[in-house]
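Asker: just to be clear, the model below is a prediction. Sequence and coordinates:
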Amino acid sequence: MFPLPWIAYVKIGICAVLLCGAGYLGYSFEHSRFLAYKAEQIAQTQKIEKERQTAADQIRKEKDAQIVAINNNLADALIKLRERPSRADSGSSGQGRTGLSLSAEDATFLDREAARADILRTALDACYKQYNSLK
């Protein structure tokens, strides 16, 4: 009924079981190596992420400190500008006058615009620093 003797079928069965066992052992070995590699990559990525976040936080703190200094300077300048005469008090049109003779309203406007420009420049500088730190 079977063309081969029964011992040949037993040998073929044993070889098949050994082949499946070797495949499983190889898979589990490579899988454990892959999991170790994956864990190592995750640890390295988290380390780099922490370093970059620390650098970004430092850049943000510097930017915030500069903005606070700009706002303090603006507040001081606005207090000093209250002593200037108002636009309604000065009778001239402002032609040919220097910045020292600006009315209180005009000088206040210009100081606020200069402070706003300084804040924007500081924020842009912080963006450039953070972008360059990622290269």
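Answerer: Received it, and whenever you're ready, just let me know what you need. Numbering: from 1, shown residues only.
Asker: which single helix of this structure contains the most residues?
Answerer: helix 6-81 (DSSP state H).
Asker: name the helices or strands packed onto the following helix or strand past that helix?
Answerer: Using DSSP states H and E, the helix or strand that follows helix 6-81 in sequence is helix 104-133. Using 3 or more C-beta pairs under 8 Å, 6 or more residues apart in numbering; DSSP states H and E as the contact test, the elements touching helix 104-133 are helix 6-81. The C-beta positions use only the backbone N, C-alpha and C, and glycine is treated the same way.
Asker: nearest residue to the residue most central in space within the chain in space, please, no chain neighbours.
Answerer: Nearest to the geometric centre of the chain sits Ala56, at 5.5 Å (C-alpha atoms, centre = their mean). In space, and not counting its chain neighbours, Ala56 is closest to Gln130: 5.5 Å by C-beta to C-beta, 6 or more residues apart in numbering.
Asker: surely the one you found meets Ile59?
Answerer: Yes - counting by C-beta atoms under 8 Å, Gln130 touches Ile59, with 5.2 Å between them.
Asker: list the contacts for Ala104?
Answerer: Under the criterion of C-beta atoms under 8 Å, 6 or more residues apart in numbering, the contact list for Ala104 reads 81-82, 84-87.
Asker: closest to Ala115 out of those residues?
Answerer: Leu81 (12.3 Å; C-beta to C-beta).
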